[in-house]
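# dropping a prediction and its sequence here:
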Amino acid sequence: MSRSADKPATIEDVAKLAGVSIATVSRAIRTPKKVAESTRKKVTAAIARTGYTANAMAQNLRMKRSQMVMVLTQSIADPNFPGILIGLERTANERGYGVLIGNTEGTISLEENHMRFLSSGMVDGLILLTGHLPVAGRPQSPVSSFPPMVAATCPVDHLDIPYVGTDDLAASKMATEYLISLGHRKICYVSSGSSDAVSDLRQAGYGRGLAEAAGSIPDWVIQGDGSSEGGRAAVERLFIKDTLPTAFFCYNDDTAIGVISALQIRGYRVPEDFSVIGFDDIPFSNNITPALTTVRQPRNQIGEIAMGYLLDGLSGGDSPPGQSLLHGDLVVRESCGPASN
């Protein structure tokens with residue numbers, strides 16, 4: 001079959017090569033189970049020879065359904081991401097959807113690239129793990145200009161976007177109260193150094209735990225950056241002062257691991273000299289010495305519920321609640337003990 005190399009294949013080309021009607025080719029693409037196997041093989045072979053695959057994809061897009069969902073995340077290296085993705089994909093697969101991952105690396109340019117992909121109509125919905133509407137740092141388009149969206153792990157500042165995540169405020173309050181129950185009155189919170197909603201909620205939970213304790217316990221916040229290096233640097237800054245805490249509550253597990261490392265390098269023992277508690281329960285938190293006491297996020301469940309809400313909306317189901325906050329579990333291991341003198 002002679003055809004200009006730069007001329008895109010058409011459904012007529014496929015039908016002619018396969019020796020069937022255009023309607024049969026269309027059925028073989030859209031509902032292959034309704035076409036005889038021998039005919040389907042002819043059509044498949046003709047598609048392969050003519051290079052009509054892209055055209056078939058375009059036809060599916062004209063049906064307004066791609067059966068694909070994009071997950072937009074700032075970093076696939078985030079240790080929380082795999083657990084959330086497992087939940088997202090589990091629900092998507094059960095309901096006949098595929099998942100695409102858009103990794104922005106926290107940059108506007110990559111986010112814009114994914115937005116151009118979204119504008120092509122190749123996904124039906126969007127799961128936001130970024131904490132903001134696309135595209136960050138630019139004038140925002142109306143939410144109605146985006147595909148249906150659900151935010152997970154970090155809420156988006158928009159009432160029309162459902163959110164699924166851990167109850168960060170309640171979980172942080174619980175962690176603070178645990179340290180108080182061990183006799184600690186000098187509890188330093190090592191923050192993330194950012195002002196996103198999750199960071200604010202975790203610090204607010206710490207403050208509420210102190211405020212509701214018996215007696216007066218002053219808050220004591222030192223800035224980290226959410227990394228183990230930031231945790232180590234925070235401890236070093238504390239040691240140039242005359243007063244030290246007896247316990248550290250850290251924004252996340254990475255920070256807590258850095259705090260423990262810095263204390264051990266200086267010859268201190270955890271938990272005999274200082275107690276340290278983290279947040280997230282990343283896989284590595286149980287493999288350090290001492291094993292880290294932390295707050296466990298229900299990552300699989302967050303992913304499953306978020307994807308369920310999105311797909312329910314796509315199928316015309318009931319609107320999801322504005323927020324679905326899940327309980328974080330306190331995981332007591334070895335890094336916390338009674339307050340030392």
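Noted; the coordinates are in hand.
# any stretches of the stretch 1-150 of the chain with poor pLDDT?
For the stretch 1-150 of the chain, the stretches with pLDDT under 70 are 1-6, 30-33, 53-64, 117, 119-120, 135-145.
# all helices for it, in order.
All helices of the stretch 1-150 of the chain, identified by DSSP state H, counting those that start in this stretch, fall at 11-18, 22-30, 37-50, 53-62, 81-94, 108-119.
# of the ones you listed, which is nearest Ala262?
helix 81-94 (26.2 Å; Cβ to Cβ). In short, each C-beta sits where N, CA and C put it, glycine included.
# list of residues touching that closest one?
Taking contacts as Cβ atoms under 8 Å, 6 or more residues apart in numbering, the residues outside helix 81-94 that touch it are 69, 71, 73, 75, 98-99, 101, 127, 129, 152-153, 297, 299-308, 311.
# next SSE downstream of the helix or strand Ile257 falls within?
Assessed by DSSP states H and E, Ile257 sits inside helix 253-265. Helices and strands here follow DSSP H and E; after helix 253-265, the next one along the chain is strand 275-277.
# sorry, back to before: now the helix holding Ile257: mean pLDDT?
For helix 253-265, mean pLDDT is 97.
# can I get it in PDB, CA atoms only?
What follows is helix 253-265 as a C-alpha-only set of coordinates in PDB (Å, rounded to 0.1, in the frame of the first residue of the first chain):
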ATOM      1  CA  ASP A 253      11.000  11.600  60.100                       C
ATOM      2  CA  ASP A 254      13.800  12.900  57.800                       C
ATOM      3  CA  THR A 255      14.200  15.800  60.200                       C
ATOM      4  CA  ALA A 256      14.100  13.500  63.300                       C
ATOM      5  CA  ILE A 257      16.800  11.200  61.800                       C
ATOM      6  CA  GLY A 258      19.100  14.200  61.300                       C
ATOM      7  CA  VAL A 259      18.400  15.400  64.900                       C
ATOM      8  CA  ILE A 260      19.300  11.900  66.300                       C
ATOM      9  CA  SER A 261      22.500  11.800  64.100                       C
ATOM     10  CA  ALA A 262      23.600  15.200  65.400                       C
ATOM     11  CA  LEU A 263      23.000  14.300  69.000                       C
ATOM     12  CA  GLN A 264      24.900  11.000  68.700                       C
ATOM     13  CA  ILE A 265      27.800  12.700  67.000                       C
END
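# what helices or strands is that helix leaning on?
Counting by 3 or more Cβ pairs under 8 Å, 6 or more residues apart in numbering; DSSP states H and E, the packing neighbours recorded for helix 253-265 are strand 187-191, helix 228-238, strand 247-250, strand 275-277.
# closest to His114 out of these?
helix 228-238 (27.8 Å).
# from the contact counts, what lies against that closest one?
Judged by 3+ Cβ pairs under 8 Å, 6+ apart, helix 228-238 is in contact with strand 187-191, strand 221-223, helix 253-265.
# ok, residues contacting the last one?
So the one you mean is helix 253-265. Residues contacting helix 253-265 (Cβ under 8 Å, 6+ apart): 79, 190, 192, 224, 226-236, 248, 250, 270, 273-274, 276-282, 284-285, 288, 290, 292, 294, 335.
# now, of these, which are buried?
Using 16 or more other Cβ atoms under 10 Å as the burial test, those include 79, 190, 192, 224, 226-228, 230-235, 248, 250, 270, 274, 276-282, 285, 288, 290, 292, 294, 335 as buried.
# still on that earlier bit, which among the contacts of helix 81-94 end up buried?
Counted by 16+ other Cβ under 10 Å, the contacts of helix 81-94 give 69, 71, 73, 99, 101, 127, 129, 152-153, 297, 299-308, 311 as buried.
# distance check, Asp200 against Met149.
Asp200 sits 22 Å away from Met149, going by Cβ to Cβ, to the nearest Å.
# over to Lys42?
42 Å.
# what's the answer for Arg202, then?
Arg202 is 24 Å from Met149, by Cβ to Cβ.
# more neighbours, these two?
Arg202 (26 against 21; other Cβ atoms under 10 Å).
# from the chain's centroid, how far away is the helix or strand hosting the more buried one?
Per DSSP H and E: Arg202 is located in helix 197-211. Taking Cα atoms, centre = their mean, to the nearest Å, one finds helix 197-211 lying 21 Å from the centre of the chain it belongs to.
# fine by me, thanks again.
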